[in-house]
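fold the following, please.
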Amino acid sequence: MKPLTLLTSDQKLAEIKRLYYRTSRHTIKQDLARAIELAISMASEEERERAAAYMDGLSRMRSDWARKSQR
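Numbers count the residues shown, from 1 in each chain. Below is the predicted model of the structure:
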């Protein structure tokens, strides 16, 4: 079993960016859920603000893809 590693704020932001750039229609729900977990775990509002654009982008992708699949 792999030991649990605590991520720094920079590592959390890097993971959110990675999720943003690599998400797909098939993975958006779990990627957005993971990004939300990471953002919530950030220690300060300033840290969360650094991730806000990526979070907004993930949310918009989810909405756009959901609308397209309903057609």
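
and stretch 27-37, what's buried?
I28, D31, L32, R34, A35 (16 or more other Cβ atoms under 10 Å). Every C-beta, even on glycine, is put in place using the N, C-alpha and C of the backbone.

what does stretch 43-55 give?
Those would be E47, R48, R50, A51, Y54, M55, for stretch 43-55 by 16+ other Cβ under 10 Å.

so what's the gap between the one helix or strand the second one maps to and the chain middle?
If I follow you right, that is R48. Using DSSP states H and E, R48 falls within helix 45-70. Remark: helix 45-70 is offset 8 Å from the chain centroid, using Cα atoms, centre = their mean, to the nearest Å.

swap in stretch 9-21?
With Cα atoms, centre = their mean, you get 7 Å for stretch 9-21.

ok, and what's touching it?
The contact list for stretch 9-21 (Cβ atoms under 8 Å, 6 or more residues apart in numbering) reads 7, 31-32, 34-35, 38-39, 41-43, 47, 50-51, 54-55, 57-58.

mind running it again at 10 Å?
Stretch 9-21 has contacts (Cβ atoms under 10 Å, 6 or more residues apart in numbering) with 5, 7-8, 27-28, 30-39, 41-44, 46-48, 50-58, 61.
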